[in-house]
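Peer 1: Give me the fold of what follows.
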Amino acid sequence: MRTLTYAQALNETLHQLIEDDERVILIGQGVNSPWYVGTTTKGLLDRFGEERLIDTPISENAVTGIAVGYAIAGMRPILEHPRMDFMYLAMDQIANHAANWYFMFGGRVNVPLTIWGIINRGGEQAAQHSQALHSLFTHIPGLKVVMPSTPYDAKGLLVAAVRDDNPVLFVDDRWLYEIEGDVPEKLFTVPIGKASVIREGTDVSVIANSYMVHVALKAAQTISDEISVEVIDLRSLKPLDTDLLFESVRKTKRAVVADASWKTCGISAEISSLLSENLFGSLKAPIKRVALPDIPAPAGTVLEKAYYPDAKTIISSIKEIL
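Peer 2: This is a model prediction of the structure:
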């Protein structure tokens, strides 16, 4: 084990995956640009050349179609979208093609495509450059969605996504890039569909994803003298680890769902519904949701501070149901 930042873990994993399997390529807009991907692709071009690291024109729909074609032809492409906002432009290729081919051809055609979508919230980037769209893509049948929060899970889930025989959306948040954690040197997988208990507690379960996991941990630590908070890291949005979620909420009998996207029809709504349908008799209080307000992201720093939930927001929700 070594201590790496989240960005370093991604960089190491990309190097190892491309070296380990000649079918793995990285394709996308600005894949060799610090402005687009930070340090996550550092050294790849010099080491593997332009045949394995393909910097594309700005045409999300066309590039995604090319990546789908690579996958159908037997490659295992990693398709990078440096800002999730512009994945809207590739929706036809993702939802109508990549997610459907395996089923439309009766299991005879696989699409081993990893779609790497990056959230670039904050920094006064406003409504068109900071959207977290994971809930939208979780709605699509045939598409798996993972969302790591730690360097360890970033490596393990990226490897699992690339080795999966059908499309996986790997979502990361640039707010995570400087977070540190222990990471094994060799390639390993974190199973898709398995959540993790990262802090045990008895009074309330806080179920979170991505950067909100760290916000939840901060909230739990802040009130640890008075309230015992269990923090669940979803890791995988589709499939969801309902067994672990149900086990935690049966124990604590209260739940707060903290999501990094909007509240309406988001992943927090889906989890709240699942808990209500299956554990209604066990709940001692209504489920609370912490998510973005249903308005586009503002551009100013002061407005951003009010827009994005923080540990105080989660603490307030916890105390409301206790």
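Peer 1: Okay, domains of this protein per the record?
Peer 2: What automatic domain parsing lists as the domains of the chain is 2-183, 196-320.
Peer 1: how far does the last one sit from the chain's center?
Peer 2: It stands for domain 196-320. Averaging C-alpha coordinates over domain 196-320 and over its chain gives two centres that are 15 Å apart (C-alpha atoms, centre = their mean, to the nearest Å).
Peer 1: tell me which element the nearest residue to G156 once chain neighbours are set aside is part of?
Peer 2: With C-beta to C-beta, 6 or more residues apart in numbering as the measure, V190 is the residue that lies nearest to G156, at 3.0 Å, once sequence neighbours are left out. Every C-beta, even on glycine, is put in place using the N, C-alpha and C of the backbone. Secondary structure here is read from DSSP states H and E; on that basis V190 sits in neither a helix nor a strand.
Peer 1: chain center to the helix or strand bottoming out on mean pLDDT in the chain: distance?
Peer 2: Considering only helices and strands, the least confidently modelled element of the chain by mean pLDDT, DSSP states H and E is helix 34-37, at a mean of 82. Helix 34-37 has its average C-alpha position 18 Å from the chain's average C-alpha position, going by C-alpha atoms, centre = their mean.
Peer 1: For that helix, give me every contacting residue.
Peer 2: Helix 34-37 is touched from outside by 29-31, 80, 82, 118, with contacts defined as C-beta atoms under 8 Å, 6 or more residues apart in numbering.
Peer 1: Neighbours of L279, how many?
Peer 2: L279 has 16 neighbours, counted by other C-beta atoms under 10 Å.
Peer 1: do the one 10 residues further on as well
Peer 2: Per other C-beta under 10 Å, the neighbour tally for R289 reads 20.
Peer 1: Confirm that it lies within a strand, as I assumed.
Peer 2: Yes: counting by DSSP: H, G, I helix; E, B strand; the rest coil, R289 is located in a strand.
Peer 1: Run through the residues that contact it.
Peer 2: 256-259, 263, 268-269, 272, 317.
Peer 1: now do 10 Å
Peer 2: 207, 255-259, 263-264, 266-269, 271-272, 317 (C-beta atoms under 10 Å, 6 or more residues apart in numbering).
Peer 1: can you check L45 too?
Peer 2: 26, 31-32, 52-55.
Peer 1: Name the nearest of the contacts of R289 relative to L237.
Peer 2: Minimum separation from L237 among these (C-beta to C-beta) is found for I267, which lies at 5.7 Å.
Peer 1: That closest one contacts V257, correct?
Peer 2: Yes: applying C-beta atoms under 10 Å as the test, I267 and V257 come out as touching, 7.8 Å apart.
Peer 1: who touches both of those two?
Peer 2: Counting by C-beta under 10 Å, 6+ apart, the residues touching both I267 and V257 are 207, 209, 234, 289, 291.
Peer 1: Out of those residues, which end up buried?
Peer 2: Neighbour counting with 16 or more other C-beta atoms under 10 Å marks 207, 209, 234, 289, 291 as buried within the shared contacts of I267 and V257.
Peer 1: sorry, back to before: ok, of the shared contacts of I267 and V257, which one's closest to S276?
Peer 2: Using C-beta to C-beta as the measure, the one of the shared contacts of I267 and V257 that approaches S276 most closely is R289, at 11.8 Å.
Peer 1: element containing the closest residue to the closest one other than its chain neighbours?
Peer 2: Closest residue in space to R289, ignoring its immediate chain neighbours: S268 at 4.2 Å, by C-beta to C-beta, 6+ apart. In the assignment (DSSP H and E), S268 maps to helix 267-279.
Peer 1: again, but for D153
Peer 2: Assessed by DSSP H and E, D153 sits inside helix 151-163.
Peer 1: do the same with L45
Peer 2: Secondary structure from DSSP H and E places L45 in helix 44-48.
Peer 1: now V145
Peer 2: Taking DSSP H and E as the criterion, the element that holds V145 is strand 144-146.
Peer 1: Tell me the strands beside that strand, with direction?
Peer 2: strand 168-173 (parallel), strand 236-238 (antiparallel) (DSSP bridges).
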